[in-house]
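Enquirer: For reference, the sequence and a predicted model appear below.
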Amino acid sequence: MKEIYAALLLHHAGKEINEENMEKIMMAIGDITDDDKVRIKMVVSSLKDVNIDQILKEATTVQAAPAVTTTTEKEEKKEEKKGGEEEGAAGLAALFG
């Protein structure tokens, strides 16, 4: 995931997304392992012909569907809440009872 962030940082800065630049960013945040270098190569090669601006534009226009709660779910939540209140009251009575 940090490789993707590094690529986005480079893109935002107007720098070329290549292994050397990615490694510089990765070194700035800590040590680079051999696994990191492999992931850097994969990210660089997979982003070679990608229009990042277009991807970001499309990602910001996608809207999540609103959550739909059914009447049954609402009733179940009310029952759970009601049961929890009754248990709490009984527990207080036991303390002072």
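Expert: Arrived safely, thanks for sending.

Enquirer: any low-confidence regions in this protein?
Expert: Along the chain, segments meeting pLDDT under 70 span 62-70, 72, 81-97.

Enquirer: at 80 instead, please
Expert: The model of the chain has pLDDT under 80 over residues 31, 60-97.

Enquirer: in it, which spans are helices?
Expert: Using DSSP state H, the helices of the chain run over residues 2-13, 19-29, 34-46, 52-61, 71-96.

Enquirer: With mean neighbour count as added columns, please give those helices in JSON lines.
Expert: (Glycine included, C-beta is placed from N, CA and C.) What follows is the helices of the chain, written out as JSON lines (neighbours: other C-beta atoms under 10 Å):
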{"stretch": "helix 2-13", "mean neighbour count": "16"}
{"stretch": "helix 19-29", "mean neighbour count": "15"}
{"stretch": "helix 34-46", "mean neighbour count": "14"}
{"stretch": "helix 52-61", "mean neighbour count": "10"}
{"stretch": "helix 71-96", "mean neighbour count": "9"}
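
Enquirer: so how far is E80 from L10?
Expert: Noted for L10: a distance of 49 Å to E80, by C-beta to C-beta, to the nearest Å.

Enquirer: swap that for M1, please
Expert: 36 Å.

Enquirer: who's in contact with M42?
Expert: Listed by C-beta atoms under 8 Å, 6 or more residues apart in numbering, the contact partners of M42 are E3.

Enquirer: Make 54 the first number, not 1, from now on.
Expert: Sure, I'll start numbering at 54, so the last one becomes M95.

Enquirer: who's in contact with the residue lying closest to I78 once chain neighbours are set aside?
Expert: Using C-beta to C-beta, 6 or more residues apart in numbering and skipping the chain neighbours, the partner closest in space to I78 is A59 (4.1 Å). By C-beta under 8 Å, 6+ apart, the contact set of A59 is 75, 78-79, 93, 96.
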